[in-house]
Every structure is written in C-alpha cells, then in structure tokens.
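# Show me the folded form of this:
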Amino acid sequence: MKGSGNNTKCLANLAAFVIFQVAVILILAFTVMRVRGPKVRLGVVTVDSFSTSNDASSPSFNMRLIAEVTVKNTNFGDFKYGNGTMSLAYNGTVVGDIAIVKGRAKARDTAKFNVTIDVTSDRLASTASLGTDMNSGVLTLRGDAKVKGKVKLLKVMKRKRSGVMDCSLSVNLATRAVTTKCK
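The predicted structure follows:
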C-alpha cells in the first residue's frame, strides 16, 4: 500500500513540473520571443543653409537640412537593417531624398545617425500654393523612410521586420527653427 502513495506523489510532482514548464514557455513566447518592427523617427533637425525667393510669379526655396534619424529596437535581439531611403515631400511631391546606409540597432537600444538632405523646390511642377505657404512664414514638409532588416533572437532565430517613418516637419522661415512630429 505504501508504494501507491509514492506513485501518486511522483505523478503530482511530475504534473506540477510540466505545468511550470508550460508556463515558462508561454511567458517567453509572449514576451522575449515576440518580434516587433523597429520605430524609425526623426530627432533634432537643423537648417545648415537656406535661401528663399518669394517672387510672386515663381516662389522657391533651397535648403540643406541636417537630421538625426533614430531606429529604436524594442526586441530582445539585435536588428540588422540594409540600405533604405528617406524622402521629404512638399504637398505630395518629393523635394529631397537621401539613402540610409545599413546598420544595426542592438537589443533594446536605439541606433542614432545623422543625414544631410538637400531640399529644393526645383522638383515642384506647380508652385501655386508655395507662395501662400511662404507668406505664412512656415513651410510644412512630410518625411517618409523605410528600413528593412532581420531581428536575430538567441543567435539562432531570425525574423524579417521593417520599420517605417511618417513625420511632419514645420520649418519657420524667419527663425530657421524646425519642429518635427512623428506618428
């Protein structure tokens, strides 16, 4: 009779161990192993050079912006990304673009790098609304970027992910201050 009590205890311990292991695996699956795409944002943007012409017939602008781009990796593994592109647009027309070189954002860290973008109104087909915007003193641009790469977990698992940037930039023409807002 004593043997059946030991078997019951053994089975109870085994069941508790299996339940504990399943709980640990579920916790890891929903936290550590959950792979998300990185967050790509614009940081501080400064105006390096700037010229405008607010001629009524053909308003124009030329500027060189120095922008800090951040790639925030919220995963528990490194995110290695390849070459990407970043563009600035005025009313839907690209007025400046730059290549983003490949890099790496370490686990739970943010990679930061600076890019220099030449922005010009020469690419605009129509400057009808440009004169009005320039008279208001604020030029609004939209920034878009995309980086594609892989998140490497536990040195064996690789998951493809991509990060996109969707930001608006407001350039104060009088003070040359740039305000950014990213989604």
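# per-residue confidence for the residue nearest to A67 when sequence neighbours are not counted?
In space, A67 comes closest to V45 once its chain neighbours are excluded; the distance is 4.5 Å by Cβ to Cβ, 6 or more residues apart in numbering. For the C-beta atoms, the positions are set from N, CA and C on the backbone; glycine is no exception. Listed pLDDT for V45 reads 97.
# correct me, but V45 touches T70?
No - assessed by Cβ atoms under 8 Å, V45 is found out of contact with T70, at 12.0 Å.
# can you map out the strands along this protein?
39-53, 60-72, 78-81, 84-90, 93-100, 103-105, 110-120, 138-153, 157-172, 178-182 (DSSP state E).
# Comparing these, which comes out most buried?
Most buried of the strands of the chain, by mean neighbour count (mean count of other Cβ atoms under 10 Å): strand 78-81, with a mean of 22.
# From the centroid of the protein, which residue is nearest?
V40 (0.8 Å; Cα atoms, centre = their mean).
# Okay, now the unreliable bits of the chain?
In the predicted model of the chain, residues 1-3 satisfy pLDDT under 70.
# for the longest helix belonging to it, the distance to its chain's centre please.
Counting by DSSP state H, the longest helix found in the chain is helix 2-30. Helix 2-30 sits 44 Å away from the centroid of its parent chain (Cα atoms, centre = their mean, to the nearest Å).
# R34: how many residues sit nearby?
Other residues within reach of R34, judged by other Cβ atoms under 10 Å, total 13.
# so how far is T46 from the residue nearest to the centre of the chain?
Distance, V40 to T46, by Cβ to Cβ, to the nearest Å: 19 Å.
# Okay, domains of this protein per the record?
Per automatic domain parsing, the structural domains of the chain span 1-31, 39-182.
# between the strands of the chain, which gets nearest to L28?
strand 138-153 (10.4 Å; Cβ to Cβ).
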